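Engineer: I would like to see how this sequence folds:
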Amino acid sequence: MMAHRDHMVGWPLTLLLADEGGTRTSTFRYRTWEPFSVTITLPLDEGAVEFEFARDLLIDGVEEAVGEGWIEVLPHYVDPDLVTLRMFAAGRWHEFYARRDDVDGFIDATCELVPLSRAADRLDLDALIHRLLAGAR
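Structural biologist: Numbering: from 1, shown residues only. As a prediction, the model looks like this:
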């Protein structure tokens with residue numbers, strides 16, 4: 001098995017607030033040692049909340065509505081230049097809009113680091129089990 005170098009990409013973006021108007025600064029993150037997931041930090045009034053979800057959900061969500069449970073990603077219902085992010089935190093739903101160019105740029109950056117077809121090759125199950133067991137202590 002070939003050794004892989006671990007990398008992380010942080011992608012700042014400006015989110016438009018659906019309910020209150022205005023904007024908030026946020027960050028997408030992708031870590032090559034967790035090749036199937038992405039993370040977004042959302043600045044809520046209650047404090048910053050971090051969501052980790054499937055990279056495929058973000059990729060598919062720019063084209064069609066996807067997601068169940070605490071996160072949904074979908075094209076904006078009116079403006080094709082926006083992507084809607086709906087997340088459940090602090091006891092309620094929050095809806096944000098991100099520029100599609102920003103989301104596409106982040107997706108492209110993750111795929112440059114780990115192409116979708118190679119993600120399974122990057123998954124280190126031994127390290128994952130170790131982290132899970134360490135967190136259970």
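Engineer: check what pLDDT residue 80 gets.
Structural biologist: Note for residue 80: predicted pLDDT of 95.
Engineer: next: residue 4.
Structural biologist: The score at residue 4 is 59. That number is its pLDDT.
Engineer: repeat for residue 92
Structural biologist: 89.
Engineer: and it, backbone torsions?
Structural biologist: The phi/psi pair for residue 92 (degrees, to the nearest 10) reads phi -160, psi 170.
Engineer: what about it, neighbour count?
Structural biologist: Residue 92 has 10 neighbours, counted by other Cβ atoms under 10 Å. The C-beta positions use only the backbone N, C-alpha and C, and glycine is treated the same way.
Engineer: give me the beta-bridge partners of it?
Structural biologist: Under DSSP bridges, the beta-bridge partners of residue 92 are residue 89.
Engineer: which residues does residue 42 contact?
Structural biologist: By Cβ atoms under 8 Å, 6 or more residues apart in numbering, the contact list for residue 42 reads 15, 24, 26, 48, 49, 50, 51, 87, 89, 94, 96.
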